[in-house]
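A.B. asks: dropping a prediction and its sequence here:
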Amino acid sequence: MGKVTGFKEFGRELPVKIPVIDRVKNYKEFVGLYTDEKLNEQSARCMNCGIPFCHSGCPLGNVIPEFNDAVYKKNWEEAYQILSSTNNFPEFTGRICPAPCETSCVLGINKPAVAIEEIEKHIIEIAFEKGYVKAYEPLIKTEKKIAIVGSGPAGLAAAAQLNKVGHEVTVFERDDEPGGLLRYGIPDFKLDKTVVHRRIKIMKESGIKFICNTEVGKDIDAKDLVKDFDAVLLAGGSTVPRDLPSKGRELKGVYYAMEFLKQQNKRVSSIAFIDEEISAAGKDVVVIGGGDTGSDCVGTSNRQGAKSITQFELMFQPPKERTDNMPWPQYPMLLKTTSSHEEGCQRFWGINTKEFIGDEDGNLTALKIVDVNWEVDFLGKPVKFTEAEGTERLIPAQSVFLAMGFMNPQYEGMIAQLGLNLDQRKNVDALEGKFKTSVEKVFAAGDMRRGQSLVVWAISEGREAARKIDEYLMGHSSLESKDAINLFEEAY
């Protein structure tokens, strides 16, 4: 590595954030950038360890020590080439990934891990600034036509890869702009939409076609799509949210998290919407669900001027440090305090919502909740819960956002028309490692295949599916494969 003793000399530092009092006044990104000196120091912390576990910790297999070395030496184009060889969209993962690579960092055994995610974001932003990121339209075309349904991270990654080897790629999106979750699910203060637009522009210049406001299975018959294209990739995501069918669920004021977040994303972009207006302004807000989507609801509610914000999680509070059941380098389920939590929020664990209470006009006014105690197995995993006697109570709430995750893809329309087989989890059944569905020419990737997961996993799925589609069409593929990286690591 560039500086062998760097991990001894420098501690982990993250870029400065805009103070809470200022950043909640708008929806702009608020995390700054390193100075040149700090970026150099943070890249120097990479240890040149014998086995870089960060490779396997990253779902994309990013070649992390090598790009850290290039950053330390200020070889920016080399750093970009290394990073982009495994990751199509570092500008996304560098902002919103929970960085499983960092939990596998060898330095993280007894010191704070290398700031891999931040370094990744800096590499791609410097690459854009210096003009290294360019449209790429291959000179040799295969004359093969591929339809991709869904323009989220899985669909976009597959499109970029398939276009690279000369296939004609058309991406169908039912919303009015491409990006899927990146465009309408993640708030602007975490991922400014100019970052998404910038990437889509490059993809269009590379020859990829985007057809928006078009829902396959409704506006276009899915069977016709299969007839008209040489291969079809389904990357529509896991879009059916988990509900909470307690008494009073129908009251006005109870919404799915994505209804709230998508509308605010449109509002920030000055895009009209016809749905009922959802606002947290001046209200007692309760967010049910302790994950990242719940955190996004907290940050958005703060910016809208909520009177109070409370976040409930049914599960027990996670530990702050690794336990014996979460040894390094496994990804640990630890207590996570996000930037949205820092902005103001009461958080409670072990809470079950029993009833939504409303007034005579059908408006939500309160929640009936109860504390729960969890029974765990010998590994510390939850088995079942019981209500804690005497803890039932009412709390005021005029807006509730259900952020409890997603169950499965939408079956109506496309999946039903094609008659696709489903797996035991009710996702599209696509052979493990092959991404082929039960219908000839049809493949599936991303959350639609593996279930609700991370953006970084969706990108990985899209890349791997693209390789399998290329092999299906051409008999072989020159596209990169994470399987090859894994086999190399196992051999050496």
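C.D. replies: That came through, no problem.

A.B. asks: give the buried residues for the longest helix along the chain.
C.D. replies: Identified as the longest helix of the chain according to DSSP state H is helix 455-474. Across helix 455-474, burial judged by 16 or more other CB atoms under 10 Å covers 455-470, 472-473. For every residue, glycine as well, the C-beta is placed using N, CA and C.

A.B. asks: please apply the same query to stretch 9-24.
C.D. replies: The neighbour-count check on stretch 9-24 (16+ other CB under 10 Å) flags 10, 12, 15, 18, 23-24 as buried.

A.B. asks: and which of the residues you listed is nearest to residue 158?
C.D. replies: Lowest distance from residue 158 to the buried residues of stretch 9-24 (CB to CB) belongs to residue 15, with 31.7 Å.

A.B. asks: residue 170 - that's part of a strand, no?
C.D. replies: Yes. Residue 170 sits within a strand when classified using DSSP: H, G, I helix; E, B strand; the rest coil.

A.B. asks: pLDDT weak spots in the stretch 351-492 of the chain?
C.D. replies: Confidence mapping of the stretch 351-492 of the chain against pLDDT under 70 gives the ranges 483-492.

A.B. asks: okay, strands next: where are they in it?
C.D. replies: Per DSSP state E, counting those that start in this stretch, the stretch 351-492 of the chain carries strands over the ranges 351-358, 364-376, 382-387, 393-396, 399-402, 406-408, 442-444.

A.B. asks: those: which one's closest to residue 261?
C.D. replies: Closest approach to residue 261 among the strands of the stretch 351-492 of the chain (CB to CB): strand 399-402, 8.5 Å.

A.B. asks: which strands border the closest one, and is each parallel or antiparallel?
C.D. replies: strand 254-256 (parallel), strand 284-288 (parallel) (DSSP bridges).

A.B. asks: closest to residue 343 out of those strands?
C.D. replies: Among the strands paired with strand 399-402, the nearest to residue 343 by CB to CB is strand 284-288 (12.9 Å).

A.B. asks: what's the distance between that closest one and the middle of its chain?
C.D. replies: Average the C-alpha atoms of strand 284-288, do the same for its chain, and the two points are 22 Å apart (CA atoms, centre = their mean, to the nearest Å).

A.B. asks: can you name the element that comes right after that strand?
C.D. replies: Sequence order places helix 292-304 as the next helix or strand after strand 284-288, per DSSP states H and E.

A.B. asks: how many degrees apart are the following helix or strand past that next one and strand 284-288 in direction?
C.D. replies: Scanning forward in sequence from helix 292-304 by DSSP H and E, the next helix or strand is strand 308-313. Inter-element angle recorded for strand 308-313 and strand 284-288: 20 degrees (by axes from the mean of the first three to the mean of the last three CA atoms, to 10 degrees).

A.B. asks: now for strand 308-313, which elements pack on it?
C.D. replies: strand 284-288, helix 292-304, strand 346-349, strand 351-358 (3 or more CB pairs under 8 Å, 6 or more residues apart in numbering; DSSP states H and E).

A.B. asks: before we move on, back to that, deepest of the strands paired with strand 399-402, which one?
C.D. replies: strand 284-288 (a mean of 26; mean count of other CB atoms under 10 Å).

A.B. asks: who's in contact with that strand?
C.D. replies: With CB atoms under 8 Å, 6 or more residues apart in numbering as the contact definition, strand 284-288 has outside contacts at 244, 257, 294, 297-298, 301, 306-312, 345, 353, 367, 395-404.

A.B. asks: now swap in stretch 82-91 and tell me
C.D. replies: Against stretch 82-91 from outside (CB under 8 Å, 6+ apart): 60-63, 66-67, 70, 93, 120-121, 123-125, 127-128, 133, 153, 156-157, 160-161, 195, 198-199, 459, 462-463, 480, 482, 485.

A.B. asks: got the buried residues for it?
C.D. replies: 82-84, 86-91.

A.B. asks: first vs last residue of it, how far apart are they?
C.D. replies: End-to-end distance for stretch 82-91: 14 Å, by CA to CA, to the nearest Å.

A.B. asks: and that stretch, average pLDDT?
C.D. replies: Stretch 82-91 comes out with an average pLDDT of 97.

A.B. asks: secondary structure class for residue 70?
C.D. replies: helix.

A.B. asks: didn't it look like it was pressed against residue 79?
C.D. replies: Yes. Between residue 70 and residue 79 there is a contact at 3.8 Å, judged by CB atoms under 8 Å.

A.B. asks: tell me which of these two has more neighbours.
C.D. replies: residue 79 (27 against 21; other CB atoms under 10 Å).

A.B. asks: check which helix or strand covers that one.
C.D. replies: helix 76-84.

A.B. asks: list the contacts of residue 156.
C.D. replies: Residue 156 touches 88-89, 171, 178-180, 182, 199, 203, 459, 462, counting by CB under 8 Å, 6+ apart.

A.B. asks: so residue 149 touches residue 231, yeah?
C.D. replies: No. Residue 149 is beyond contact range of residue 231, at 11.6 Å (criterion: CB under 8 Å).

A.B. asks: tell me which of these two has more neighbours.
C.D. replies: residue 149 (26 against 22).

A.B. asks: against residue 217, how distant is that one?
C.D. replies: 9 Å (CB to CB, to the nearest Å).

A.B. asks: returning to what we had before: now distance to residue 437 too, for the buried residues of stretch 82-91, in a markdown table please.
C.D. replies: What follows is those, written out as a markdown table (distance: CB to CB, whole Å):
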| residue | distance to residue 437 |
| --- | --- |
| 82 | 34 |
| 83 | 32 |
| 84 | 30 |
| 86 | 26 |
| 87 | 26 |
| 88 | 23 |
| 89 | 25 |
| 90 | 30 |
| 91 | 31 |
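
A.B. asks: just those residues now: which is nearest residue 207?
C.D. replies: residue 88 (15.3 Å).

A.B. asks: that closest one sits in which helix or strand?
C.D. replies: Under DSSP H and E, no helix or strand contains residue 88.

A.B. asks: tell me the contacts of the closest residue to residue 247 other than its chain neighbours?
C.D. replies: Distances taken as CB to CB, 6 or more residues apart in numbering place residue 355 nearest to residue 247, at 4.6 Å, with adjacent residues excluded. Going by CB under 8 Å, 6+ apart, residue 355 touches 246-248, 367-368.

A.B. asks: what would the residues you listed look like in TSV with neighbour count and distance to residue 386?
C.D. replies: Formatted as TSV, the contacts of residue 355 follow (neighbours: other CB atoms under 10 Å; distance: CB to CB, whole Å):
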residue	neighbour count	distance to residue 386
246	14	18
247	11	20
248	20	23
367	25	20
368	17	17
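
A.B. asks: now, the most widely separated pair of those residues?
C.D. replies: Among the contacts of residue 355, 247 and 367 lie farthest apart (CB to CB), at 11.1 Å.
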